[in-house]
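Enquirer: one predicted model, sequence on top.
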Amino acid sequence: MLDIDRNERTNGFDSTCTSATLIPSENSPKSNKRSRSVTPLPPGCTWGPVLGQTSRGVVSLAKLADIQDQGGEVEQTRVIWVDFPTASKENPFFFSKRRKLGIMAVALFFANITAFETSSYSIGIPSMRRDLGTTALQAATGISLYGWGFAIGPLALAPLTEEFGRYWMYIGSIASYTLVHLTHGLGKNTATVLVGRFLLGITGCVGATVVAGTVADLYPPHKRGGPMGLFTLSVVLGPGLGAATMCWAEANPKLEWRWIAWIQMIACGVYWPIAYFVLRETRASVLLRRKAKKLRTERGMQDGGRYTARSEVDKEAFWVAMRRSLGRPLLFVTMEPVVTFFAIWAALVWGVFFIQIAGLPYVFETIYGFGTTASGSTYWAIVIGTIVGYFLNFFQDALYKRHVARIGVEARLFAACVAGIVFAVGCIIFGLTSIPSVHWIGPCIGVGIILAAAFTIYQTCFIYLSECYGSHASSAVAGMSFLRILVGSSFAMFTNQIFDTLTPRWGLLMIGCIALVLAPIPFIAFFKGPWIRERSPYSKVLMAEERKRIESEGLAEGSGDLESRMEDMEGESVMEQIRSRDERDHSISHHHAQGYNPEHGKDGKISEPGPVKGEFKKAQ
């Protein structure tokens, strides 16, 4: 039996940890001294510290106190870190350009088609109501249920992706998303269709979450801006393209709403095998765990240590990670004022977006007498506005790079301050021009202005919150997205009632006035952001941690790298949290582990290890 000497104290090593009991394994470092000095390690593998090993896996010395409190015993084991060799093709950052383009094309298609589903359903509502006897409210509920699935699903994605990887998340999601379309194609009643809408949202939310993480997996920070912009463009373009193209199916008496579902199911059915063969696992932590497991199977402890991926140390149990993923976003959206106010603002923007999805046919058919194809074609205004917003976003990037050194993270808010006002103006234009005496191009211009502003607001909310909350950005953005989608998508249920009661003109004018009331939010954040964060229970600490990590990685302020925090979009991605945790815990373990500190020679062989401060001592 061995015990860490209680009198051995090192900086940052808590005395409560030093009394943890360690049992030497039969393959302890001392017994394998000779094999370590003569056996070269596989490429990418390096010697790590002595850590604890339990039945649940490897634990850092920082966790030993918890185990001791529970009366547990931990074996002593030397770890061999498993990493990617330099510039290895195993590393997703170094996949070939052809493979990256293939993965991106397949992933972006899924992001686009899940957004496409939002408005393609709405354009088929008239024929569905006729066939099933569905009320207007029930039909509109289908739009909201799809959004609610998107709001709830991402909260569970982080631990699922961490446990099983992105590849199988894609394959399973695409397959189930495809099959759920049967509820529309074969459904005989409204209840079946509505349940199917919610299930489509749950299974399709991967298109708005995991895709963003895939971008972060494939591209290093300084190269993520372009691919991430294309992802956002795919998501926001989808609803415009859905109604603009499926209106032709709704107008054909032989197709209508059921064939809108069949067409999408056929497209997904063709897409699934392409995704199966083209997609690859891109999550680095999962790939390294698989590699470590393979090395443990093939080589065991013959090299003098346990092959271990860094993400395997202190790995949380699945259900613990699930509870944390579900709880922290809700905590942030209710307790963090920055998250709360941006979430309320984004919820209004998304609510107007869903009003357009549900209400454009109403406006143009009721006021202007458009037919199905003509009213569906007005959705091209959404497409045009989104594209304009995409290109205007480059100006915001230029302003950020120019001013970030002077004012910090608030440099992200220049465009948002303008967009908040422009968004309200767009709503007012849409409302005031929605009368028969004004040409139909007037409402279309209003829609285009709304979407150009909404795209900018959409981008700003994610990037700004990501920078304010550092390693917990995924939770902050997930909380914001949860409220945004849950509340925003609910607007679709009441669109027709609002228009029937107030008329589109006054209903949209009212929403525009509410938008004007909320427009000061980015101005307040711009001028008072540092003051607010200083009094935030989380943001101040997390931003300091993030700043240290950025400086240690050598990322230059203003280079655009911080925009890559959008990998945490929609409640996804714990990769950066894991890396930060690993760096912190393993640094402690490396400096304070009781064991040896091998040195590597130029030829790659390991020289005779020497003892480090704090040798294990036999218990009296």
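Expert: Cool, got the structure.
Enquirer: ramachandran angles for Lys314?
Expert: One correction, residue 314 is Asp, not Lys. phi 60, psi 30 (degrees, to the nearest 10).
Enquirer: that one: neighbour count?
Expert: Around Asp314 there are 22 other residues, counting by other CB atoms under 10 Å. The C-beta positions use only the backbone N, C-alpha and C, and glycine is treated the same way.
Enquirer: wait, it sits on Val59?
Expert: Yes - contact criterion CB atoms under 8 Å: Asp314 and Val59 qualify, at 5.7 Å.
Enquirer: mind giving me the packing neighbours of the strand or helix carrying Glu163?
Expert: Per DSSP states H and E: Glu163 is located in helix 157-164. Helix 157-164 sits against helix 166-180, helix 210-218, helix 284-299, helix 318-335, with contacts defined as 3 or more CB pairs under 8 Å, 6 or more residues apart in numbering; DSSP states H and E.
Enquirer: can you pull the buried residues of the helix or strand just after the second one?
Expert: Just to be clear, that refers to helix 210-218. The element immediately downstream of helix 210-218 (helix or strand, assigned by DSSP H and E) is helix 225-251. Going by neighbour count (16 or more other CB atoms under 10 Å), the buried part of helix 225-251 is 225, 227-229, 231-247, 249-251.
Enquirer: distance of Leu326 relative to Thr161?
Expert: As for Leu326, its distance to Thr161 is 14 Å (criterion: CB to CB, to the nearest Å).
Enquirer: Three-state assignment for Glu75, please.
Expert: For Glu75, the assignment made with DSSP: H, G, I helix; E, B strand; the rest coil gives strand.
Enquirer: tell me what it is bridged to.
Expert: Ile23, Gln53 (DSSP bridges).
Enquirer: what is the neighbour count of it?
Expert: Neighbour tally, Glu75, other CB under 10 Å: 18.
Enquirer: do Arg258 as well
Expert: Every residue meeting other CB under 10 Å relative to Arg258 is counted, giving 17.
Enquirer: swap in Val313?
Expert: 24.
Enquirer: skipping adjacent residues, who's closest to it in space?
Expert: Once flanking residues are discounted, Val313 sits nearest to Val58: 5.0 Å by CB to CB, 6 or more residues apart in numbering.
Enquirer: residue contacts, that neighbour?
Expert: With contact taken as CB atoms under 8 Å, 6 or more residues apart in numbering, Val58 is in contact with Leu51, Gly52, Thr77, Val79, Arg306, Thr308, Glu312, Val313, Asp314.
Enquirer: try it again at 6 Å.
Expert: Leu51, Thr308, Glu312, Val313 (CB atoms under 6 Å, 6 or more residues apart in numbering).
Enquirer: that one in helix, strand or coil?
Expert: strand.
Enquirer: quick check: bridge partners of it?
Expert: Applying DSSP bridges to Val58 gives these bridge partners: Gln53.
Enquirer: quick one: it from Glu162, how far?
Expert: Counting by CB to CB - Val58 and Glu162 are separated by 16 Å.
Enquirer: same check on Ala519?
Expert: 38 Å.
Enquirer: which of the two has more residues huddled nearby?
Expert: Set Ala519 next to Glu162 and count neighbours by other CB under 10 Å: Glu162 wins out with 24 against 20.
Enquirer: low pLDDT regions in the protein?
Expert: Along the chain, segments meeting pLDDT under 70 span 1-39, 62, 64-74, 158-159, 221-222, 225, 470-474, 537-620.
Enquirer: in terms of neighbours, single out the busier of Leu326 and Thr161.
Expert: More crowded of Leu326 and Thr161, by other CB under 10 Å: Thr161, with 24 against 16.
Enquirer: which ones are touching the residue lying closest to Arg258 once chain neighbours are set aside?
Expert: Distance criterion CB to CB, 6+ apart; nearest residue to Arg258, sequence neighbours excluded, is Gly185 at 5.5 Å. Going by CB under 6 Å, 6+ apart, Gly185 touches Arg258, Ala261, Trp262.
Enquirer: any chance of JSON lines for those, columns distance to Arg406?
Expert: Listed next are those as JSON lines, based on distance: CB to CB, whole Å:
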{"residue": "Arg258", "distance to Arg406": "58"}
{"residue": "Ala261", "distance to Arg406": "53"}
{"residue": "Trp262", "distance to Arg406": "56"}
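Enquirer: if I look at the residue nearest to Arg258, how far off is Ala492?
Expert: Distance from Gly185 to Ala492, by CB to CB: 22 Å.
Enquirer: what about the residue nearest to Leu516 when sequence neighbours are not counted, neighbour count?
Expert: Excluding its sequence neighbours, the residue lying closest to Leu516 (CB to CB, 6+ apart) is Ala424, at 4.3 Å. If you count neighbours by other CB under 10 Å, Ala424 ends up with 23.
Enquirer: quick check: Ala424 is in a helix.
Expert: Yes - judged by three-state DSSP, Ala424 forms part of a helix.
Enquirer: and the gap between it and Tyr362?
Expert: Distance of Ala424 to Tyr362, computed by CB to CB: 22 Å.
Enquirer: also Tyr458?
Expert: 24 Å.
Enquirer: of the two, who's got more company?
Expert: Taking neighbours as other CB under 10 Å, Tyr458 and Tyr362 compare with Tyr458 leading, 24 against 19.
Enquirer: in three-state terms, label that one for me.
Expert: Per three-state DSSP, Tyr458 ends up helix.
Enquirer: got it, and the one 10 residues further on?
Expert: Assigned by three-state DSSP, the conformation of Cys468 is helix.
Enquirer: tell me what the helix or strand hosting Phe482 is packed against?
Expert: Element membership of Phe482 [criterion: DSSP H and E] is helix 473-490. For helix 473-490, the packing partners by 3 or more CB pairs under 6 Å, 6 or more residues apart in numbering; DSSP states H and E come out as helix 136-152, helix 318-335, helix 337-366, helix 441-469.
Enquirer: cheers, nothing more for now.
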